[in-house]
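Q: output the structure for:
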Amino acid sequence: MNRTLLTSGGLVVAVILFVAVVLVANLTLRGARLDLTQGKLYTLSSGTKSVLQGLKEPVTLRFFFSEKLARDVPQMRSYGQRVRELLEEYAAQSKGKIQLLVVDPEPFSEAEDRAVELGLRGAALNQQGEQFYFGLAGTNSTDDVQTIPFFQQEREQFLEYELTRLVYALSDPKKPVIGLLTTLPMQGGPVNMMQPQMQPPWTILSQMRQVFDVKTVRPGAAKIDDDVAVLMVAHPKDLPPDTLYAIDQFALRGGKVLAFVDPLSEAAMQSQPRAMGMPAPESSTLGPLFEAWGIEYDKDKFVGDRKFATRVNAGQRAQRRQVIDYIAWLSLPQESVAGEDVVTGELASLNFGSAGALRKKEGASTTFTPLVSSSDDAMLVESINLMFGPDPERLLRDFKPAGERFALAARIQGPAKTAFPDGPPKPEAKEGGATDADKDKERPDPAAQLKESKTPINVIVIADTDMLDDRFWVQTSDLFGERLATPFNGNGSLVINALDNLSGSAELISLRSRSRSSRPFLVVADIRRAAEARFREEEKALQEKLEAAEKKIAELQKERPGSKGQVLTSEQRAAIEGFRAEMLETRKALRDVQHKLQQDIDRLAGWIKAINIGLIPLLVAIFAFALAAIARQRRYARHAAR
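A: Below you'll find the model as predicted:
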């Protein structure tokens, strides 16, 4: 009786202690979190934490999620929970600077009107016209608004970057200033001196002006203004030493650089007047800067790629059009871009023309991350082969693959030293005693020169300038006097993404794609694919049998000479019956394949359930029984010793 009372009392005390521990934990450990997910989905990166800690004014985030409508869409409900929990982590890490409001915009409610007013986009889920909302709107104390119109699960790996970018934009709402230094006719104007027809500004420049404050930097500038967040250099042909020095110091003091160089700029060649004789080479480089940044680049060779070559019309041969692979123009698919980088992760296709190759310099202190690459069926070709006009057939005939992938665009980060260790370049004397210094109000102070970077440099280099040209990525049309542009690949998105990424803080640039919350059953997928392959083989065999049987019946049903009518003979009826039996057997085989497919999947699912539900508790029980047996044996041993 005493033992029973003691056991019952112990259970009651245990229950009381359990409830007490839960209450105390809820009160004292409310902000504590333990992320046990494989990809650390709910652990914010150091860059995000730095942005949140740097918030100087409160930010309100309104998370619009149609909770009731999501009940019928389990996948959306699961991803909605994922986004909400991550937003709660943002609010917890901000130390009160972020206020999170979760709103369920029911159909035809004021909350739905508010979502539309803030710029969110709904998706129709049914024929009743009910809109499903799954977006975020952020505001700050000055009523600036930043939105994510709709969370797409396909972009889950960039979820943290998009949320941090939104918060960062609200903390610093001014448009970033982009300095544009180019020798290309991006501003529009006459095609060339021989053809005075006016051309509009390039579409990429128009798109840049919609997002950024674009400031022109002349090619001979001796200083980059401090308000420039990102310097975009496009085709830096024959830049003077003063300008190269200005770019060098800009990058070392923390400025971001997006550089477009080219071993043969076709866009620049088109803007030059045609002349007899040897045409002037239209190559560009940042020579000494590339050396200092740890980049190798040959300005006299372009990448020819047979796998990603663009199909072009090479003229006429024997009165027929000849379509051939032009290895100088590259149609780059999604496999050619770095899927883990926010700049290129969502790009499906790109078009490059006579692009150069970038490599990491041996012994460089910077990191070199390729963003766009050729296939391994590629080689380097002398640019002079294109100087007098392309010959796709000859290029293809002389093609010899190098067996390696060449980087066409790359991100360079890390510590770097100046490209001018001996000090600023000295002014060159001009006629009449004038110098380059006379053109500028002040010369660089040698004492103020930065010998090495204050913080890790952030540079993106793209070894092609033709990808900026309209003809490589956009179709333009005129509608009632308005110029409309329709992109047919991701060239424009690559430029805007790069500028957007570089114009953020260093913490924002450091963010990379994260893991996905969905964990696919890879073994199940392999089983399904193998079974479906067998199914397709059976289906193909069935189709061949059907065609053969139909052909045989058609031959039997042909009217024989002297016969009247179309009465089936016994031979025809037997053939038809044989065909039907064969068809039924084949269909039965197909059903067996499908049944075996489901059997394999069910068997695997059963084993997984058995392990998760039964095996672990069984092991715990065995361990408990083993401990009990050991304890009992020890008690017996103590009693025996007495």
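Q: next, the closest residue to T142 other than its chain neighbours: phi, psi?
A: Sequence neighbours aside, P173 is the residue nearest to T142 in space, at 6.8 Å (criterion: C-beta to C-beta, 6 or more residues apart in numbering). To be clear about C-beta, it is placed using only N, CA and C from the backbone, and glycine gets the same treatment. When read as degrees, to the nearest 10, the backbone of P173 gives phi -80, psi 0.
Q: where does P173 land on pLDDT?
A: pLDDT, P173: 74.
Q: number of residues surrounding it?
A: Applying other C-beta atoms under 10 Å, we find 12 other residues in the vicinity of P173.
Q: likewise A111?
A: 15.
Q: quick one: it and R62, what's the gap?
A: 9 Å (C-beta to C-beta, to the nearest Å).
Q: intersection of neighbour lists for these two?
A: Here A111 and R62 share the contacting residues V103, scored by C-beta atoms under 8 Å, 6 or more residues apart in numbering.
Q: okay, helices next: where are they in the stretch 1-150 of the chain?
A: 2-28, 46-53, 74-93, 110-117 (DSSP state H, counting those that start in this stretch).
Q: deepest in the core, which of those helices is it.
A: helix 46-53 (a mean of 18; mean count of other C-beta atoms under 10 Å).
Q: check contacts around F290.
A: E296, Y297, V461.
Q: save those as a markdown table, and put in distance to Q131, pLDDT and neighbour count too.
A: A markdown table is the format used below for those (distance: C-beta to C-beta, whole Å; pLDDT from 0 to 100; neighbours: other C-beta atoms under 10 Å):
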| residue | distance to Q131 | pLDDT | neighbour count |
| --- | --- | --- | --- |
| E296 | 53 | 97 | 14 |
| Y297 | 51 | 97 | 21 |
| V461 | 44 | 98 | 26 |
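Q: return the subset of these lying in strands.
A: Judged by DSSP state E, those include E296, Y297, V461 as members of strands.
Q: for those, which one is nearest Q53?
A: V461 (31.8 Å; C-beta to C-beta).
Q: pretty sure that closest one sits against A410.
A: Yes - applying C-beta atoms under 8 Å, one finds V461 in contact with A410, separated by 5.7 Å.
Q: list residues touching both of these two?
A: I295, L358.
Q: V59 - how many residues pack around it?
A: Neighbours of V59 using other C-beta under 10 Å come to 23.
Q: then F623?
A: Neighbour number of F623 under other C-beta under 10 Å is 10.
Q: and the closest residue to Q334 other than its chain neighbours, how far is that from F406?
A: Distances taken as C-beta to C-beta, 6+ apart put A348 closest to Q334, at 5.1 Å, once the chain neighbours are dropped. Distance of A348 to F406, given as C-beta to C-beta: 21 Å.
Q: likewise for E585?
A: From E585 to F406 the distance is 55 Å (C-beta to C-beta).
Q: ok, the two, which is more surrounded?
A: F406 (25 against 12).
Q: check contacts around the closest residue in space to the more buried one that isn't next to it in sequence.
A: Excluding its sequence neighbours, the residue lying closest to F406 (C-beta to C-beta, 6+ apart) is A357, at 4.0 Å. Listed by C-beta under 8 Å, 6+ apart, the contact set of A357 reads Y297, D298, K301, F302, V303, S374, L380, F406, A407, L408, A463.
Q: can you redo these as CSV with secondary structure?
A: Putting those into CSV (DSSP: H, G, I helix; E, B strand; the rest coil) gives the following:
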residue, secondary structure
Y297, strand
D298, coil
K301, strand
F302, strand
V303, strand
S374, coil
L380, strand
F406, coil
A407, strand
L408, strand
A463, coil
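Q: which of those lies closest to V233?
A: A463 (12.6 Å).
Q: my guess is the closest one meets S374, correct?
A: No - using C-beta under 8 Å as the test, A463 is too far from S374 to be in contact (10.6 Å).
Q: okay, and the common contacts of those two?
A: Common neighbours of A463 and S374 (C-beta under 8 Å, 6+ apart) are A357, L408.
Q: quick one, which of these two is more surrounded?
A: The neighbour comparison of A463 against S374 (other C-beta under 10 Å) goes to A463, with 30 against 26.
Q: same question for the longest strand along the chain, mean pLDDT?
A: The residue-count maximum for a strand in the chain (DSSP E) belongs to strand 320-333. Taken as a whole, strand 320-333 has an average pLDDT of 84.
Q: what's that strand in contact with?
A: Contacts for strand 320-333 (C-beta under 8 Å, 6+ apart): 302-306, 308-316, 348-355, 372, 374, 381, 386, 390, 392-393, 395-396, 399, 408.
Q: same thing but 6 Å
A: 304-306, 308-314, 349-354, 392-393, 395-396 (C-beta atoms under 6 Å, 6 or more residues apart in numbering).
Q: which one of the contacts of F290 sits closest to T43?
A: Once C-beta to C-beta is applied, the member of those that ends up nearest T43 is V461, at 32.0 Å.
Q: element containing the nearest residue to that closest one once chain neighbours are set aside?
A: Closest residue to V461 apart from its sequence neighbours, by C-beta to C-beta, 6+ apart: A259 at 4.8 Å. Taking DSSP states H and E as the criterion, A259 maps to strand 256-260.
Q: and that strand, what does it pack onto?
A: strand 230-234, strand 457-462 (3 or more C-beta pairs under 6 Å, 6 or more residues apart in numbering; DSSP states H and E).
Q: can you tell which of those is closest to L286?
A: Using C-beta to C-beta, the nearest of these to L286 is strand 230-234, at 7.1 Å.
Q: tell me the angle the closest one makes with strand 256-260.
A: Strand 230-234 runs at 10 degrees relative to strand 256-260, counting by axes from the mean of the first three to the mean of the last three C-alpha atoms, to 10 degrees.
Q: name the surrounding residues that touch the next helix or strand after strand 230-234.
A: Counting by DSSP H and E, the element after strand 230-234 in chain order, helix or strand, is helix 241-252. Outside helix 241-252, the residues that touch it by C-beta under 6 Å, 6+ apart are 220-224, 231, 257, 289, 418-420, 424-425, 436, 450, 453, 457.
Q: are any of those buried, and if so which?
A: 221-224, 231, 257, 289, 418-420, 424-425, 436, 450, 453, 457 (16 or more other C-beta atoms under 10 Å).
Q: how about the residue lying closest to W202 once chain neighbours are set aside, secondary structure?
A: Spatial nearest neighbour of W202, chain neighbours left out: M186 (4.6 Å); criterion: C-beta to C-beta, 6+ apart. Judged by three-state DSSP, the three-state class of M186 is coil.
Q: run a quick neighbour tally on M186.
A: 23.
Q: for L484, see how far away it is.
A: With C-beta to C-beta as the criterion, M186 and L484 are 19 Å apart.
Q: could you do S265 as well?
A: From S265 to L484 the distance is 27 Å (C-beta to C-beta).
Q: who has more neighbours, the two?
A: S265 (28 against 11).
Q: contacts only, for the more buried one.
A: H235, E282, T465.
Q: a markdown table for those, including pLDDT, neighbour count and distance to S66?
A: As requested, these are exported to a markdown table (pLDDT from 0 to 100; neighbours: other C-beta atoms under 10 Å; distance: C-beta to C-beta, whole Å):
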| residue | pLDDT | neighbour count | distance to S66 |
| --- | --- | --- | --- |
| H235 | 96 | 25 | 49 |
| E282 | 85 | 23 | 55 |
| T465 | 96 | 32 | 46 |
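Q: with distance to Y90 added, can I get the contacts of A357 in CSV?
A: Below are those laid out as CSV (distance: C-beta to C-beta, whole Å):
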residue, distance to Y90
Y297, 41
D298, 46
K301, 48
F302, 46
V303, 42
S374, 39
L380, 47
F406, 40
A407, 35
L408, 36
A463, 38
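Q: which among those gets closest to F488?
A: Distances from F488 to these, taken by C-beta to C-beta, are shortest for L408, at 19.1 Å.
Q: ok, which stretches of the stretch 101-250 of the chain are strands?
A: 122-124, 131-139, 145-148, 177-182, 189-192, 195-199, 213-216, 230-234 (DSSP state E, counting those that start in this stretch).
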